[in-house]
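Colleague: 3D, please:
(one chain, ligands or ions: 1)
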Amino acid sequence: MPVKALYPGTFDPPTNGHVDLIQRGAKIFDHLTVAILVNPVKNPLFTVEERVEMLKEATAGLGNVSVATFDGLLVQFARNQGATAVMRGIRAISDYEHEFQMALMNRRLAPEIETVFLQPAGRYSFVSSRMVKEVFSFGGDISGLVPASVIKRLSARINNGIAT
Ligand code: PNS
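Modeller: Alright, predicted model coming up:
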């Protein structure tokens, strides 16, 4: 049976670490949906529409990857989509505790859905959306850490005086 997986996250903005994981996930799942959580409480820099566009641009070459948004419970969205796996990235052991907790909560809510952890390439193990925004807002070089389209959008934000 074809396996559909979700890759959920905030993606504010997507990084090359996210894209690296999406490429890896696309190889092992029949279909991978990048699922952006709509959560205004997190006060994101980019609108959900902008994040959808950036992720679509970054994954344009991957035929079995789509981009969607969700609110509410992840496992409910997974069930609605017919997904049986949730993919998350582990960059370092420090990520594991929180990820493990989320995976077990999701398993309690939906035992039929498995969480699968993948590791991004080592060169992205220190990259996070938060740090990328911070470094860029102070004029630091983030080339190679995020897709080119993300740098363009971040530049537009900074030029408009709206940073992190
Ligand atoms: O990129 P992030 O912020 O680490 O992603 C976190 C995310 C979106 C995967 C997580 O917050 C989530 O799944 N939220 C939806 C609400 C939910 O299902 N909560 C219960 C499981 S923790």
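Colleague: Now D141. Nearest residue, chain neighbours left out?
Modeller: V135 (7.8 Å; Cβ to Cβ, 6 or more residues apart in numbering). Quick note: C-beta positions are derived from backbone N, CA and C, even for glycine.
Colleague: That neighbour is in what secondary structure piece?
Modeller: V135 belongs to helix 129-137 when assigned by DSSP states H and E.
Colleague: which parts of that helix are buried?
Modeller: For helix 129-137, a neighbour-count test (16 or more other Cβ atoms under 10 Å) marks S129, V132, K133, F136 as buried.
Colleague: Please tabulate those residues in CSV and include pLDDT and distance to F29 as additional columns.
Modeller: Shown next, in CSV, are those (pLDDT from 0 to 100; distance: Cβ to Cβ, whole Å):
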residue, pLDDT, distance to F29
S129, 97, 23
V132, 97, 26
K133, 96, 29
F136, 96, 32
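Colleague: Looking at those, spot the one nearest the ligand.
Modeller: Checking the buried residues of helix 129-137 against the ligand with Cβ to the nearest ligand atom, the nearest one is S129 at 7.4 Å.
Colleague: what are the ranges of the strands in the chain?
Modeller: 4-9, 31-37, 65-70, 85-89, 114-118 (DSSP state E).
Colleague: want to try CSV for those strands, with mean neighbour count, distance to I142 and mean pLDDT as columns?
Modeller: As requested, the strands of the chain are exported to CSV (neighbours: other Cβ atoms under 10 Å; distance: least, Cβ to Cβ, whole Å; pLDDT from 0 to 100):
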stretch, mean neighbour count, distance to I142, mean pLDDT
strand 4-9, 23, 18, 98
strand 31-37, 24, 21, 98
strand 65-70, 18, 22, 98
strand 85-89, 22, 18, 98
strand 114-118, 16, 23, 98
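Colleague: that older thread, what does the helix holding V135 contact?
Modeller: Here helix 129-137 makes contact (Cβ atoms under 8 Å, 6 or more residues apart in numbering) with 10-15, 45, 141-142, 145-146, 151, 154, 158, 163-164.
Colleague: Figure out which of the strands of the chain is closest to Y96.
Modeller: Y96 lies closest, by Cβ to Cβ, to one member of the strands of the chain: strand 114-118, at 8.0 Å.
Colleague: just to revisit the earlier point, could you point out which of the strands of the chain sits nearest E99?
Modeller: Here strand 85-89 is closest among those (Cβ to Cβ), at 5.5 Å.
Colleague: Okay then, goodbye and thanks.
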